[in-house]
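Enquirer: The following block contains a protein sequence and its predicted model.
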Amino acid sequence: DLRPGTSRGASSLTPNPSPGGRGERCVPARRAGSWVGAGGEGGGATHDHGTQAAVDQPLLDAVQKAFAECGAFQCGFCTPGFVLMSRQLLDENPAPSEDEIRRFLSGNLCRCAAYPEIIRAVQLAARMRAGEA
């Protein structure tokens, strides 16, 4: 379903409606878990982590870097959900314990069993955000 405001897995887009009241059309970006808005005069969109045109940023944030460095993915299917949940966790709790990480991410499933790497990635991302890594 590519209707505006619909969820695509763990990633969602809230389009800014055009002046005529019509919402934007959502089209897939060439990055996993990312969607960009297209169409509509005066368009623009707010991506799931709340920054304007976030999918256009060429640099990875601390969570993405940590996931890559720790190999916290195998097939990549669950990665967008884990990345988004990890960002939210670290926004709410900048220095979570291993148990807090496990509890917070418990709703996301990884069929490849990359959980130890995911935990290490969240811990590394916390240290990166704190300037310790």
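Expert: That came through, no problem. Numbering: from 1, shown residues only.
Enquirer: From here on, just use CA atoms for contacts and neighbour counts.
Expert: Fine.
Enquirer: what are the ranges of the strands in the protein?
Expert: In the chain, the strands defined using DSSP state E lie at 7-8, 11-15, 25-28, 35-38, 45-47.
Enquirer: just checking, Thr79 touches Phe73?
Expert: Yes. Thr79 is within contact range of Phe73, at 6.2 Å (criterion: CA atoms under 8 Å).
Enquirer: who's in contact with stretch 103-113?
Expert: The contact list for stretch 103-113, computed with CA atoms under 8 Å, 6 or more residues apart in numbering, reads 73-75, 77-78, 81-82, 85-86, 89.
Enquirer: what about that stretch, start to end distance?
Expert: 16 Å (CA to CA, to the nearest Å).
Enquirer: any idea of the mean pLDDT in stretch 90-109?
Expert: Mean pLDDT, computed over stretch 90-109, is 96.
Enquirer: go on, stretch 115-133?
Expert: For stretch 115-133, the mean confidence score works out to 95.
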